[in-house]
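# I need the structure of the sequence given here:
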Amino acid sequence: MSRKFLPYCLPWIGEEEIAEVVDSLRSGWLTTGPKVKRFEEDFRNYVGAEHAIAVSSCTAALHLALAVSGVGPGDEVIVPTLTFCSTANVVVHLGARPVLVDVEDSLLISVAAVERAITPRTKAIVPVHYAGQACDLDPLLSLARGRGIAVIEDAAHAAGASYGGRRIGTHGDVVAFSFYATKNMTTGEGGMITTNQAALAARMRLLSLHGMSKDAWNRYTETGSWFYEVMEPGYKYNMTDIQAALGLQQLRRLDGFIRRRREIASRYAECFAGLPELGLPRELSGRHHIYHLYPVQLDLERLTIDRHSFIQELQRAGIGASVHFIPVHLHPYYRRTGGYCAGAFPVAERLYQGLVSLPLYPRMTDADVEEVTLAVRQVVAANRR
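Next comes the predicted model:
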């Protein structure tokens, strides 16, 4: 048993973040204010986008992106089944139908499956940059742009990742990021939308705060006005200055966080290289993998235990682990409404059966990493066929 339990994930909040949050608390400006604007500008510059809108979550970002892309009742949106449920849920919220597709062995959306799924009703494609590695965007963009289909990137795992030498944030029509507590950088809860299209940015900004007229957020400042107009029935999706205070400092540390993640991933690869029972993630050509997750694939035919028991044995050894994700088509709602059943997406289902995410985050010490590798090797050795 480990001397202490090593959780699956922990955020790394330093004194700089604490000081920035305290500064916001003392300023009296708690909701959307000047720090949100600074954070948007800093993030926009980081990814190289023309526009950035800070919002309350990546789910909110995806919802807004699809809404301004014209998605509505009768439309179809293509989504990989191996993703968190929110990627599909937001499509349902707009009255459209999520069309689920399979993934490749890389755990990334299958371009061939996307092509087969396109119909005259397809309004958007939402590729997911799973685990911090970009999916193959060029062929997806080629497919979409030849047919007038929007590409909304789910980059919840991908702040700092790159594809083709460019950071994720400008390839598709709109890109949605997450700053949830487990992500590469965090604002506790929160997200960001980036785009190079001014008209889309203006409408998403409008919809993110009740559909109120421009600059309504600063109506309580000395230069603001009490007057506002509701241009559309928008949403309550704005980020607060307290969240942005965290984000400002986390963004400054992001590249360092990523370096540490890659160091840990490299150490895992080295320690697990001789275990045929484990399939390891690999970095694809033209990508910069930031290892938001470290998903290993259990070869269950070589083991005497299943994935659930494997995780339980790690827990007994003091190591937390998780699974990313239960495929969307296996959830009761989507089985019921989409008519999906087991076997519908064989690659995702096969991968899911043996999928385990090991701890990987910048706060982990070298000793923590060694504890994980030791525990994994011991569990494998004890349950080898």
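# the longest helix along the chain - contacts with which helices or strands?
Looking across the chain with DSSP state H, the single longest helix is helix 241-272. Using 3 or more Cβ pairs under 8 Å, 6 or more residues apart in numbering; DSSP states H and E, the elements in contact with helix 241-272 are helix 15-27, helix 34-47, strand 51-55, strand 294-298, helix 366-382. No exception for glycine: its C-beta is placed from N, CA and C like everyone else's.
# right, so these: which one is the most enclosed?
Stretch with highest mean neighbour count among the helices and strands packed on helix 241-272: strand 51-55 (a mean of 26; mean count of other Cβ atoms under 10 Å).
# which residues does it contact?
36, 39-41, 43-44, 61, 64, 190-198, 201, 204-205, 208, 237-239, 243-244, 247 (Cβ atoms under 8 Å, 6 or more residues apart in numbering).
# please indicate which of the residues you listed are buried?
By neighbour count, with 16 or more other Cβ atoms under 10 Å, those hold 36, 39-40, 43-44, 61, 64, 190-196, 201, 204-205, 208, 237-239, 243-244, 247 as buried.
# so this structure: which segments form each domain?
As given by automatic domain parsing, the domain ranges for the chain are 15-251, 254-382.
# deepest of those, which one?
Counting by mean count of other Cβ under 10 Å, domain 15-251 has the highest mean neighbour count of these, with a mean of 20.
# for His329, helix, strand, or coil?
At His329 the chain is in helix, as set by DSSP: H, G, I helix; E, B strand; the rest coil.
# that one and Gly339 touch, don't they?
No - between His329 and Gly339 there is no contact under Cβ atoms under 8 Å: 9.5 Å.
# give the contact list for Tyr291.
By Cβ under 8 Å, 6+ apart, Tyr291 lies in contact with 131-132, 258, 261-262, 264-265, 281, 360.
# at 7 Å instead, please
Neighbouring residues of Tyr291 by Cβ atoms under 7 Å, 6 or more residues apart in numbering: 132, 261-262, 265, 360.
# can you name the element that comes right after the helix or strand harbouring Ala113?
Using DSSP states H and E, Ala113 sits within helix 111-117. Downstream of helix 111-117, the next assigned helix or strand under DSSP H and E is strand 122-125.
# low-scoring stretches of the stretch 251-385 of the chain, by residue?
Under the criterion pLDDT under 70, no range of the stretch 251-385 of the chain is flagged.
# how far away is Glu277 from Val347?
20 Å (Cβ to Cβ, to the nearest Å).
# er, Thr59 I mean
26 Å.
# can you check Ala176 too?
Separation of Ala176 from Val347 (Cβ to Cβ): 24 Å.
# same thing with Phe84?
Distance from Phe84 to Val347, by Cβ to Cβ: 18 Å.
# before we move on, what about Thr187?
Relative to Val347, and taking Cβ to Cβ, Thr187 is found at 34 Å.
# report the contact partners of Thr373.
Neighbours of Thr373 in contact, by Cβ under 7 Å, 6+ apart: 268, 271.
# could you rerun that using 8 Å?
So Thr373 contacts 267-268, 271-272 (Cβ under 8 Å, 6+ apart).
# can you put the contacts of Tyr291 in a markdown table and add distance to Leu251?
Shown next, in a markdown table, are these (distance: Cβ to Cβ, whole Å):
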| residue | distance to Leu251 |
| --- | --- |
| Gly132 | 16 |
| Arg261 | 15 |
| Arg262 | 18 |
| Ala265 | 21 |
| Leu360 | 20 |
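# so Cys135 sits right up against Ile125, yeah?
No - judged on Cβ under 8 Å, Cys135 makes no contact with Ile125 at a distance of 10.4 Å.
# now stretch 142-149: how far from the chain's centre is it?
24 Å (Cα atoms, centre = their mean, to the nearest Å).
# apologies, that question was intended for stretch 104-112.
Taking the mean of its C-alpha atoms, stretch 104-112 sits 16 Å from the chain's own mean (Cα atoms, centre = their mean).
# can I get it in PDB, CA atoms only?
Output of stretch 104-112 as PDB, limited to C-alpha atoms (Å, rounded to 0.1, in the frame of the first residue of the first chain):
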ATOM      1  CA  GLU A 104      -9.800   4.800 -34.900                       C
ATOM      2  CA  ASP A 105      -7.400   2.800 -32.800                       C
ATOM      3  CA  SER A 106      -5.700   6.200 -31.900                       C
ATOM      4  CA  LEU A 107      -9.000   7.000 -30.000                       C
ATOM      5  CA  LEU A 108      -9.500   9.900 -32.400                       C
ATOM      6  CA  ILE A 109     -12.600  10.400 -34.600                       C
ATOM      7  CA  SER A 110     -12.500   8.300 -37.800                       C
ATOM      8  CA  VAL A 111     -12.500  10.500 -40.900                       C
ATOM      9  CA  ALA A 112     -13.800   7.600 -43.000                       C
END
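# contacts for it next, please.
Contacts to stretch 104-112, defined as Cβ under 8 Å, 6+ apart, come from residues 80, 82, 101-103, 127-131, 133, 135-136, 139-140, 143, 281-282, 284, 295, 347, 351.
# now with 7 Å?
The set of residues external to stretch 104-112 that reach it, using Cβ under 7 Å, 6+ apart, is 80, 82, 101-103, 127-128, 130-131, 133, 135-136, 139-140, 284, 295, 347, 351.
# that's a helix at Pro73, yeah?
No - the assignment for Pro73, made by three-state DSSP, is coil rather than a helix.
# residue contacts, it?
Pro73 makes contacts with 95-96, as judged by Cβ under 7 Å, 6+ apart.
# quick one: it from Ala348, how far?
Using Cβ to Cβ, Pro73 is found at 27 Å from Ala348.
# likewise Ala381?
Counting by Cβ to Cβ, the gap between Ala381 and Ala348 amounts to 29 Å.
# what's the answer for Gly256, then?
Separation of Gly256 from Ala348 (Cβ to Cβ): 34 Å.
# and the strands in the stretch 101-250 of the chain, which stretches?
With DSSP state E, counting those that start in this stretch as the criterion, the stretch 101-250 of the chain has strands at 122-125, 150-155, 162-163, 166-167, 174-178, 191-195.
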